[in-house]
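Peer 1: Requesting a structural model of the entry that follows:
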Amino acid sequence: MSPFFVMSLLFGLMFGQTASLCAPSEYTIHVEKRECAYCLAINTTICAGFCMTRDSNGKKLLLKSALSQNVCTYKEMLYQTALIPGCPHHTIPYYSYPVAVSCKCGKCNTDYSDCVHEKVRTNYCTKPQKLCNM
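Peer 2: From the prediction side, this is the model:
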């Protein structure tokens, strides 16, 4: 092997650990309340992408520092509130949701993230839809 190839390979491996494809990504949330006449489609950003992980199957053979199960999660986020149209007066018509400002690879924090990947997810409206661009 040429020295250039070996150096390129080493650089790629080192750079690959720090450069992941974890970034804010556009996402549409569909929100409806039983009492309200409409479903609200909210365009927001969530953290999504690839983070380097190491398989934990060999955890008895490896040092703890060699294991990592990182996920793409929020580094910075803010909350916005939308008004669901067509709600009666006795119903609270507001819905607050997170907006990803920046993301990072790290441990999943269940205080503000869903750490379970569900195979089937329903994200649709059963009522007439209104679009909310934030």
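Peer 1: can you map out the helices along the protein?
Peer 2: For the chain, applying DSSP state H gives helices covering 3-18.
Peer 1: Low-confidence stretches in it?
Peer 2: Applying pLDDT under 70 to the chain flags residues 1-20, 54-68, 112-123, 130-134.
Peer 1: could you pull out the strands for it?
Peer 2: Taking DSSP state E, the strands of the chain run over residues 23-32, 39-48, 53-54, 68-69, 71-83, 94-106, 129-133.
Peer 1: can I get those strands in JSON lines with mean neighbour count?
Peer 2: Backbone N, C-alpha and C define where each C-beta goes, glycine included. Converted to JSON lines, the strands of the chain look like this (neighbours: other C-beta atoms under 10 Å):
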{"stretch": "strand 23-32", "mean neighbour count": "16"}
{"stretch": "strand 39-48", "mean neighbour count": "19"}
{"stretch": "strand 53-54", "mean neighbour count": "13"}
{"stretch": "strand 68-69", "mean neighbour count": "14"}
{"stretch": "strand 71-83", "mean neighbour count": "15"}
{"stretch": "strand 94-106", "mean neighbour count": "16"}
{"stretch": "strand 129-133", "mean neighbour count": "13"}
